[in-house]
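Trainee: Pasting the sequence and the predicted coordinates here, then a few questions.
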Amino acid sequence: MEKLIIKGGTPLKGTVKISGAKNAAVAILPATILINGKCRIDNLPNISDIKLCLQILEYLGATVTYLSNNEVEIDSTNIDKTEVPFSMTKKFRASYYFIGSLLGRFGKAEVGFPGGCNIGSRPIDQHIKGFEAMGATVECEGGIVKTYTNENGLVGDNIYLDVVSVGATINIMLAAVFAQGTTIIENAAKEPHIVDLANFLNTMGANIKGAGTDVIKIAGVPNLNSGASYSIVPDQIEAGTFMIAAAASKGDVLITNCITTHLSPISAKLEEMGVTLEESDDGEQLRVFAQNRTTKANIKTLPYPGFPTDLQPQSAVLLSVSDGTSYLTEGVFDSRFQYTEELKRMGAKIRVEGKTAYIEGVEHLTGCSVTATDLRAGAALIIAGIIADGETEIHSIEHIDRGYEDFEEKFRALGADITRVTVEE
Ligand code: UD1
């Protein structure tokens, strides 16, 4: 087991390069199953969720060749299995994309239930509703989702999502690529990674229109091309995490390899709190500069283009040291405030009532021993450690390794005093 030790109090200064987007990559890798041939994927983040995705592809029969830390070649020609055991799927949320992609290519799949962050109930009823609307039978038993089609295969239909779901939108897109006729997803999610998946699939020969709006139309095609290359979009959440860290530490950070339009919901909130932002003309770099203590703000997380739920814990840290009392409301998940108990141990004044955290800003947080309860909570604790007085120890950091590439190295390059040490069990 490993833990992080952070000696706090240094403002972050320098340049940080953002990696490829985890949530795009974990959709695009399963999508390679639809390609009966080879493709190259570049700008892949080197994180544990990606390794798990690649292991599943290999398990299914694909050949995966690492061309560098961030680029792979995947040959899906010889995939001959349609089952993924629960022992592999339980380790991360995005494993559910293997249901849509296997169903799309083979007309059947048996995939274990997904795992991932414990942030409240995470049903997959909308994914199932979509598969069923296209004519698939879906049975959930013994921790396995089993789905299959009849002799007609999948047939496009109009699917109205009852909730805006990233996972359901992507899974239905994957299943629909070869479906007969046109599949229309209404009330679709609009996150940048949904657009990235559509761009990838269209590059490979799919016919998907409307990604990034709430109506996505997928006209079924008989097959996809092989031999193409694709580069994953920069990670909106990683960039947002560094923006918040820069503001919280009263630092001056240049964020490169980002797409500033994806960051607008975060930029708008930081500017409201008194942070200075400077965007490059090409929209690929953002300087975040904070000299003074930020002021209170009210934040509600919402589906894109709203404020991302995956930046909710990191924002709580910033609000904890901002001047005044802020409201932070979770608008996507049932419960995502487990980490506030850890922040309170560091001196934050937070009261959670239902979906809202009331945060009374304090002058300083104080380092202590804390535990990461999930991926984004772990990122929040690192920011808290960086701005706290004294030393912070963060345990259960395997959650953080699931989703951030070279995270502590990047913080160290910005001046943070952060070390990873092995803990004797
Ligand atoms: C994805 C992201 C996650 C992010 C979330 C919201 C990946 C791998 N994960 O998670 O990082 O926090 O989007 O931006 O991309 N819901 C249902 N029924 C369903 C599906 C979802 O009720 O069938 C509900 C969920 O309980 C939740 C809301 O819809 O309240 C949004 O969930 P969803 O967008 O599907 O999140 P995930 O795909 O799990």
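Mentor: Right, received. Where do you want to start?
Trainee: Which strand or helix spans the residue in the chain that the ligand sits nearest to?
Mentor: Closest residue of the chain to the ligand, C-beta to the nearest ligand atom: Gly167 (2.7 Å). Where you see a C-beta, it was placed from the backbone N, CA and C, and this is true even at glycine. Element membership for Gly167, per DSSP states H and E: helix 166-176.
Trainee: Output the contacting helices and strands for that helix.
Mentor: If you count contacts as 3 or more C-beta pairs under 8 Å, 6 or more residues apart in numbering; DSSP states H and E, helix 166-176 packs onto helix 22-31, helix 97-106, helix 125-133, strand 182-186, helix 192-203, strand 215-219.
Trainee: So which residues on the stretch 51-200 of the chain come close to the ligand?
Mentor: 93-94, 121-127, 163, 165-168, 189 (C-beta under 6 Å from any ligand atom).
Trainee: give me that answer again for 5 Å
Mentor: Within the stretch 51-200 of the chain, the positions near the ligand by C-beta under 5 Å from any ligand atom are 93-94, 122-126, 163, 165-168.
Trainee: Name the member of the residues you listed with the most neighbours.
Mentor: Of all these, the most densely surrounded is Ala168 (28 neighbours; neighbours counted as other C-beta atoms under 10 Å).
Trainee: Which neighbouring residues are in contact with it, exactly?
Mentor: Listed by C-beta atoms under 8 Å, 6 or more residues apart in numbering, the contact set of Ala168 reads 124, 126-127, 129-130, 161, 189.
Trainee: and if you look at Lys17?
Mentor: Shown in contact with Lys17 (C-beta under 8 Å, 6+ apart): 256-257, 410.
Trainee: Among those residues, which lie within strands?
Mentor: Of those, the ones assigned to strands by DSSP state E are Thr256.
Trainee: Just the closest of the contacts of Lys17 to Gly156, please.
Mentor: Nearest to Gly156 out of the contacts of Lys17 is Asn257 (C-beta to C-beta; 36.7 Å).
Trainee: What about that closest one, how many residues nearby?
Mentor: Asn257, neighbours per other C-beta under 10 Å, totals 16.
Trainee: next one: Val155
Mentor: Counted with other C-beta under 10 Å, Val155 comes out at 18.
Trainee: So it is in contact with Gln180, correct?
Mentor: Yes. Using C-beta atoms under 8 Å, Val155 is in contact with Gln180, at 4.8 Å.
Trainee: quick one on the thing from earlier: with mean pLDDT added, can I get the helices and strands packed on helix 166-176 in CSV?
Mentor: Output for the helices and strands packed on helix 166-176, formatted as CSV (pLDDT from 0 to 100):
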stretch, mean pLDDT
helix 22-31, 98
helix 97-106, 98
helix 125-133, 97
strand 182-186, 98
helix 192-203, 97
strand 215-219, 98
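Trainee: And the pLDDT for the closest residue in space to Ala357 that isn't next to it in sequence?
Mentor: Residue nearest to Ala357 in three dimensions, not counting chain neighbours: Leu328, with 4.5 Å by C-beta to C-beta, 6 or more residues apart in numbering. With respect to pLDDT, Leu328 scores 98.
Trainee: Report all helices and strands that the helix or strand Leu328 falls within contacts.
Mentor: Here Leu328 sits within strand 325-329, counting by DSSP H and E. Contacts defined by 3+ C-beta pairs under 8 Å, 6+ apart place strand 325-329 against strand 299-300, helix 312-320, strand 356-360.
Trainee: For the helix or strand just after the last one, which helices and strands make contact with it?
Mentor: Right, strand 356-360. Sequence order places strand 369-371 as the next helix or strand after strand 356-360, per DSSP H and E. Strand 369-371 sits against helix 340-345, helix 375-387, strand 391-395, with contacts defined as 3+ C-beta pairs under 8 Å, 6+ apart.
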